[in-house]
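K.L.:
Any chance you can model this:
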Amino acid sequence: MSVFRAPYATDWEQSRGRMVPEDASRTRTPFQRDRDRIIHCTAFRRLQHKTQVFISPEGDHLRTRLTHSLEVSQIARSIARVLRADEDLTEAIALAHDLGHTPFGHAGEDALDLAMTHFGGFDHNDQALRVLVLLEQRYPHFDGLNLTWETLEGVVKHNGPIPDDRLNVTLNWLNPRFDLEIHTHAGIEAQIAAISDDIAYNHHDMDDGFRAGMFTVDQICDTVPHVGKAFAEVRKEEPDAPEPVQVSEAVRRLIGDMVGDVLTCTRRNLEKHKPISAEDVRNAGVPMVRFTDAMKENERQIKAFLYDVMYRAPSVTRERQEGARIIKDLFTYFTEVRDALDMNWLKAYPRAVNEPWERIVADYIAGMTDRFAKRLHKRIFRGED
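P.N.:
As a prediction, this is how the structure comes out:
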């Protein structure tokens, strides 16, 4: 398994291990076991019914957090293979990156963060760590999934090194036991997973926007030049293809262009810095895996367009406001009526960290799916089943 690994890749044989030592698997590397534990965990299954853009989408073909995570992992694994990084570690980090999301997407996260203002706030990246090290209850001898140091590092540093003002109670509890070296960059596998997230959500959200009728092909082509170029090429080469097929083909090419750009830029960085170990990547002071400046501008233009015509569209805004209201109501109710919180869930709550009641409530709400939160809200506030 070591023959094709680049010198700067993470070596599974040199993993720093797990917080609770376990016997090695006879058939899987440590990172393969991490990936499998993530896929089999409850929080991963819940992503099927958590918002990506549209809350509780009616369309069968619109994306959820689960399908987004799978798409990120596919892009990440492809990049890792070309760069000869550890594919299994890359995939594990990509699959775990959204496990901390609340119901109702970023609207739910913002509402829960506001409710938790005086209790440490709420951040979905931090919550993903809580899920992995505390909240999942599947094993008799430890809380969480007991993942390797390298996988947890990748999840914690999804957005890069952690500044001191982003330290939270979970990291403060975990780090003395399992030093994640929060001020350095992550290994190359985590950097690949993070940039694959950007590639996936930009283009797949654009695809969903077309399917949902939020904007037309001509609208985005007139606003975002490189997208217009891709569609012009597809229309010229495949003039008889139905528009949905042309959209899929253009999105595929745009993703391919971004992946190619990442590979080009990363190879230049690797040649410049010449890392000969995973530690060299972590301590380089800059990320190895990046877009070129030109592609960063393309990414900015896509994001700006999607924010203007999709994320801030009246219909999406109304859904977001409704989701935020549900989160606020549930948080207020469960903090005031403690006996109402699900006792079976509470019995399984970890005692490893001494949490205020508000954090326990936040953990409970963050784990809900969109439809469960809606149903529970109706039952509590309208008396409907």
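
K.L.:
Which residue is the nearest non-sequential neighbour of residue 227?
P.N.:
Taking C-beta to C-beta, 6 or more residues apart in numbering as the measure, residue 227 lies nearest to residue 220, with 5.3 Å between them; neighbours along the chain are not counted. (C-beta placed from N, C-alpha, C; glycine too.)

K.L.:
Check residue 377 too.
P.N.:
In space, residue 377 comes closest to residue 326 once its chain neighbours are excluded; the distance is 4.7 Å by C-beta to C-beta, 6+ apart.

K.L.:
dump the residue contacts of the one you found.
P.N.:
Residues in contact with residue 326 (C-beta atoms under 8 Å, 6 or more residues apart in numbering) are 103, 104, 373, 374, 377.

K.L.:
what comes up buried for the helix or strand of the chain with the lowest mean pLDDT?
P.N.:
Considering only helices and strands, the least confidently modelled element of the chain by mean pLDDT, DSSP states H and E is helix 169-174, at a mean of 80. Counting neighbours by 16 or more other C-beta atoms under 10 Å, one finds that the buried residues in helix 169-174 are 169, 170, 171, 173, 174.

K.L.:
now swap in stretch 361-375 and tell me
P.N.:
Under 16+ other C-beta under 10 Å, the buried positions of stretch 361-375 are 361, 362, 363, 364, 365, 366, 367, 368, 369, 370, 373, 374.

K.L.:
go on, stretch 243-260?
P.N.:
246, 247, 249, 250, 251, 253, 254, 255, 257, 258, 259.

K.L.:
Okay, now the unreliable bits of the stretch 51-200 of the chain?
P.N.:
Scanning the stretch 51-200 of the chain for pLDDT under 70 picks out 52-61.

K.L.:
got any ranges where the stretch 251-385 of the chain has weak pLDDT?
P.N.:
In the stretch 251-385 of the chain the weaker segments, taking pLDDT under 70 as the threshold, are 385.

K.L.:
again, only using 80
P.N.:
Per-residue confidence for the stretch 251-385 of the chain (pLDDT under 80) gives these ranges: 351-354, 383-385.

K.L.:
All the helices of it, residue numbers only.
P.N.:
For the stretch 251-385 of the chain, applying DSSP state H, counting those that start in this stretch gives helices covering 278-282, 293-306, 314-336, 343-347, 357-366, 370-382.

K.L.:
Using CSV, please lay out the ones you listed together with distance to residue 229.
P.N.:
What follows is these, written out as CSV (distance: least, C-beta to C-beta, whole Å):
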stretch, distance to residue 229
helix 278-282, 34
helix 293-306, 10
helix 314-336, 27
helix 343-347, 51
helix 357-366, 41
helix 370-382, 36
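
K.L.:
Those: which one's closest to residue 118?
P.N.:
Using C-beta to C-beta as the measure, helix 357-366 is the one of the helices of the stretch 251-385 of the chain that comes nearest residue 118, at 8.0 Å.

K.L.:
which helices and strands does that closest one pack with?
P.N.:
helix 105-115, helix 124-130, helix 314-336 (3 or more C-beta pairs under 8 Å, 6 or more residues apart in numbering; DSSP states H and E).

K.L.:
Put together TSV for these, with distance to residue 136 on each row.
P.N.:
Compiled in TSV, the helices and strands packed on helix 357-366 are given as follows (distance: least, C-beta to C-beta, whole Å):
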stretch	distance to residue 136
helix 105-115	19
helix 124-130	9
helix 314-336	21
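
K.L.:
out of the ones you listed, which comes closest to residue 206?
P.N.:
Put simply, out of these the one that sits nearest residue 206 is helix 314-336, at 14.2 Å, with distance taken as C-beta to C-beta.

K.L.:
gap between that closest one and the chain center?
P.N.:
Relative to its parent chain, helix 314-336 has a centroid offset of 22 Å by C-alpha atoms, centre = their mean, to the nearest Å.

K.L.:
Determine which two of the buried residues of stretch 361-375 are furthest apart.
P.N.:
Of all pairs drawn from the buried residues of stretch 361-375, the one with the longest distance (C-beta to C-beta) is 363 and 374, at 19.2 Å.

K.L.:
Neighbours of residue 325, how many?
P.N.:
Here the number of neighbours of residue 325 (other C-beta atoms under 10 Å) works out to 14.

K.L.:
Next up, the contacts around it.
P.N.:
Residue 325 makes contact with residue 111 under the criterion C-beta under 8 Å, 6+ apart.

K.L.:
mind checking how far it is from residue 114?
P.N.:
Going from residue 325 to residue 114 by C-beta to C-beta, to the nearest Å gives 12 Å.

K.L.:
Can you give the contact residues for the least confident helix or strand of the chain?
P.N.:
Contact with helix 169-174 is made by 19, 120, 126, 129-130, 133-134, 152, 156, 162, 180, 182, 352-353, 355, 359, as judged by C-beta under 8 Å, 6+ apart.

K.L.:
Next SSE downstream of it?
P.N.:
From helix 169-174 onward toward the C-terminus, using DSSP states H and E, the following helix or strand is helix 188-211.

K.L.:
helices or strands next to that following helix in the packing?
P.N.:
Contacts defined by 3+ C-beta pairs under 8 Å, 6+ apart place helix 188-211 against helix 65-83, helix 87-96, helix 149-156, helix 243-273, helix 278-282, helix 293-306.

K.L.:
how about TSV for the ones you listed, with distance to residue 110 added?
P.N.:
Below are the helices and strands packed on helix 188-211 laid out as TSV (distance: least, C-beta to C-beta, whole Å):
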stretch	distance to residue 110
helix 65-83	16
helix 87-96	22
helix 149-156	21
helix 243-273	28
helix 278-282	32
helix 293-306	18
